[in-house]
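*Asks:* Just need the structure, nothing else, for what follows:
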Amino acid sequence: MTNEPATSPSRAVPGADEQATVASAVRQALERSGGWVGIAVAAAPTVAFVVANSLGGLTWAFIALAGSAPAAFGVHLARRESVRGAVLGLLLAAVCALVAAVAGEARAFFLVPTLLPAGWMLLFLGSVLVGRPLTGIALNRLAGGPRDWRHHTPLRRVYTATTWLAAGICFVNLVIRVVLYLTEQLAALAAVEVAVMPVPFALAAFTVAAARRAVRRSAAAGAIQ
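*Replies:* Numbers count the residues shown, from 1 in each chain. Purely as a prediction, here's the structure:
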């Protein structure tokens, strides 16, 4: 399970000479997510919980989670993927299991992941309102932008637009999850959990590529003048 924000890539991003295209962003997002194998491993605890619950009830769901979550953690380490991401995934699975145990119902396992997009949406919107779009704060250094990027009109527009986009994605994510949670569609909630894994990295990769292109265009315009 994972709910990382759209501002946390730590390795592969588009190169300085790469065009800011949807295709390149998707490719970088898939790579950052660990590829199809990485996505499958990250999704394994959630899928195991839902399948075991449907077959044997909540107790068996906890047993399946107790076996699959540490196993997924070990695979992440064996693949030399981000230790931070692996630890966060393990902790989130533990928190979700605790909430489900306290509530005594399987759908509560998805309560925290359902509410997380609301928090991120408010954070993104708040950063725009105070004039410090979050994608710029998190990604400007990675994009190679100037320190005073808030006074750099093209860059500020890129970061503002992508922060608004991130807030919109969080809103859609929230609405879908709430509807599925209220109707107790556990399999669909698990599918959403898997589907959104590459989204934060895709948005971050696209933001970095767009910011670098804005910097290059500004530098070219200055050279011409």
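*Asks:* Could I get the full set of helices for this structure?
*Replies:* Along the chain, counting by DSSP state H, helices occupy 22-32, 35-56, 58-78, 83-103, 111-129, 134-143, 153-182, 186-195, 199-224.
*Asks:* Could you single out the most deeply buried of those?
*Replies:* With neighbours defined as mean count of other CB atoms under 10 Å, the helices of the chain peak in mean count at helix 134-143, which reaches a mean of 21. Glycine gets a C-beta too; all of them are placed from N, C-alpha and C.
*Asks:* How far does it sit from its chain's centre?
*Replies:* On the basis of CA atoms, centre = their mean, to the nearest Å, helix 134-143 sits 16 Å off its chain's mean C-alpha point.
*Asks:* Now do it and helix 111-129, the angle between them.
*Replies:* Per axes from the mean of the first three to the mean of the last three CA atoms, to 10 degrees, the angle that helix 134-143 makes with helix 111-129 is 80 degrees.
*Asks:* mind checking which helix or strand of the chain has the lowest mean pLDDT?
*Replies:* When each helix and strand of the chain is scored by mean pLDDT, DSSP states H and E, helix 22-32 comes last, with a mean of 60.
*Asks:* can you tell me which of the helices of the chain the model trusts least?
*Replies:* Lowest mean pLDDT within the helices of the chain: helix 22-32, at a mean of 60.
*Asks:* and the closest residue to residue 58 other than its chain neighbours, how many neighbours?
*Replies:* Excluding its sequence neighbours, the residue lying closest to residue 58 (CB to CB, 6 or more residues apart in numbering) is residue 106, at 5.4 Å. Burial of residue 106 is recorded as 19 neighbouring residues (other CB atoms under 10 Å).
*Asks:* residues contacting residue 106?
*Replies:* Under the criterion of CB atoms under 8 Å, 6 or more residues apart in numbering, the contact partners of residue 106 comprise 49-50, 53, 58, 61, 100, 186.
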